[in-house]
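**Q** Provided below for reference: sequence and predicted model.
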Amino acid sequence: MKQSTYHYQFLTLPLVAGAEPEKAAEIRVPSLRGQLRWWFRALGGFTALADQSSIEQQEQQIFGSAAGQDNSNASQLILRLAQPVRDEGPPNASKNVTPDNKYVLWPLDMGDKERHVFPQKEAASFTLHVLWRGNPDLWDSIAALLAVLGHLGALGMRSRRGFGALAFRREAPLSLASALRFFHAPGNVALMELPLNGRQPHPSLIRWLKDWRTYDKHHRSENPEISTDRDAGVQLLKTNQTDIAISYRPALGLPMPQIIPREGEVHWNFAWDRKSHQGKERFASPILLRPHRLSDGKIIALVLFLDQKQFPANHQVQVNWQTAAGVRNKQRTKGPKAINVSSELYQAMKGGPLHSWIPT
């Protein structure tokens with residue numbers, strides 16, 4: 001059996017909640033295990049196992065499989081927190097919404113139920129004990145996965161938007177460049193750096209995303225994709241139909257609420273449940289915002305593009321809408337209207353001011 005201890009800390013506000021977010025905030029081992037599995041899949045599994053088994057088989061070998069499945073087995077990777085990290089104080093989620101982050105924290109701002117999250121000062125760090133009961137020859141690969149967690153991982157709500165970004169509290173046990181060499185397809189994740197020009201990393205990343213996604217006069221001239229999606233929503237609210245056949249912003253994540261002042265609300269959904277007349281499922285954004293700390297202590301702003309997790313080809317977004325009067329009177333929404341989705345906006349976001357970043 002191999003074992004080691006890792007000391008992590010948060011670079012940004014961790015919006016972590018427990019199994020019962022209305023009762024307590026908590027850092028939980030299942031969340032950490034979920035992050036490890038996510039990065040394992042995203043990077044194509046271990047190079048050491050690539051010729052022997054599929055990534056699904058690798059995942060079962062390392063993380064185990066549920067009872068009842070073929071060849072079910074217990075996890076060979078055991079994670080334990082050195083001590084519980086839990087807070088049962090007053091619900092405080094909405095207090096973390098500020099003018100700088102309101103754009104990406106709209107679920108907290110719009111929610112009708114308060115929830116618990118950790119203030120950053122109370123959950124700044126945690127210690128994780130790792131035990132490996134599997135093949136000793138894979139220990140270096142396991143250590144590389146734990147290193148990726150400390151370099152690029154994040155925990156909690158809105159982690160794809162840079163909240164709960166992790167770093168090592170002490171010197172990193174393995175550099176990101178060295179860790180990525182243990183994975184079969186590190187190129188699945190394109191690492192791009194956003195120049196800061198003296199600004200703070202996380203607010204800059206949020207602003208960059210907002211500039212690309214938000215409709216205004218500037219974007220109407222330079223990014224016609226943005227105004228196209230807005231125009232489709234306006235047409236649906238005014239005439240219950242639209243001549244716009246292609247949308248763009250859904251490729252950045254769904255569901256997507258579109259609030260048009262004085263006109264009403266438009267909701268863009270990944271799928272549609274006709275029985276309940278509601279949108280269902282979600283499409284996780286293939287763009288991750290990630291503050292990242294270098295070995296010299298400097299924090300830079302990274303944008304991660306996950307091309308293999310792009311919006312599915314030939315899949316249409318399902319749009320439903322409700323006029324302002326309908327919202328006031330709690331009328332049933334209209335729709336859905338199926339609209340095609342283009343990846344042009346997603347691809348365009350890889351351009352300036354971003355540039356490729358090579359880890360060291």
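**A** Received it, and whenever you're ready, just let me know what you need.

**Q** ranges for the helices of the stretch 251-360 of the chain?
**A** Ranges of helices within the stretch 251-360 of the chain are 324-328, 344-348, based on DSSP state H, counting those that start in this stretch.

**Q** Count the neighbours of residue 188 for me.
**A** Using other C-beta atoms under 10 Å, the number of residues around residue 188 comes to 16. Bear in mind the C-beta positions are built from the backbone N, C-alpha and C, glycine included.

**Q** Could I get the full set of strands for the stretch 151-300 of the chain?
**A** Assigned by DSSP state E, counting those that start in this stretch, the strands in the stretch 151-300 of the chain fall at 166-168, 189-194, 246-247, 256-260, 264-269, 271-273, 278-280, 287-293, 299-306.

**Q** nearest to residue 193, of the helices of the stretch 251-360 of the chain?
**A** Comparing the helices of the stretch 251-360 of the chain against residue 193 with C-beta to C-beta, the closest turns out to be helix 344-348 (17.4 Å).

**Q** Please enumerate residues in contact with that closest one?
**A** For helix 344-348, the surrounding residues in contact (C-beta atoms under 8 Å, 6 or more residues apart in numbering) are 212, 223, 225-226, 248-249, 251-252, 286-287, 305, 310-311.

**Q** what about burial for those, which qualify?
**A** 212, 223, 225-226, 248-249, 251-252, 286-287, 305, 311 (16 or more other C-beta atoms under 10 Å).

**Q** Sort those by pLDDT and name the bottom one.
**A** On pLDDT alone, residue 223 ranks lowest of the buried ones among the contacts of helix 344-348, at 69.

**Q** what helices or strands is the host helix or strand of residue 41 leaning on?
**A** Using DSSP states H and E, residue 41 falls within helix 29-42. Judged by 3 or more C-beta pairs under 8 Å, 6 or more residues apart in numbering; DSSP states H and E, the packing partners of helix 29-42 are helix 55-63, strand 77-81, helix 139-152.

**Q** Lowest average pLDDT across those?
**A** Sorting the helices and strands packed on helix 29-42 by mean pLDDT places helix 55-63 lowest, at a mean of 94.

**Q** pull the CA atoms of that one into CSV?
**A** The C-alpha trace of helix 55-63 is given here as CSV (Å, rounded to 0.1, in the frame of the first residue of the first chain):
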residue,chain,number,x,y,z
ILE,A,55,-10.6,4.7,-20.1
GLU,A,56,-13.9,3.3,-18.7
GLN,A,57,-12.0,0.1,-17.6
GLN,A,58,-9.2,2.2,-16.1
GLU,A,59,-11.7,4.3,-14.2
GLN,A,60,-13.2,1.2,-12.7
GLN,A,61,-9.8,-0.2,-11.8
ILE,A,62,-8.9,3.0,-9.9
PHE,A,63,-12.1,4.3,-8.5
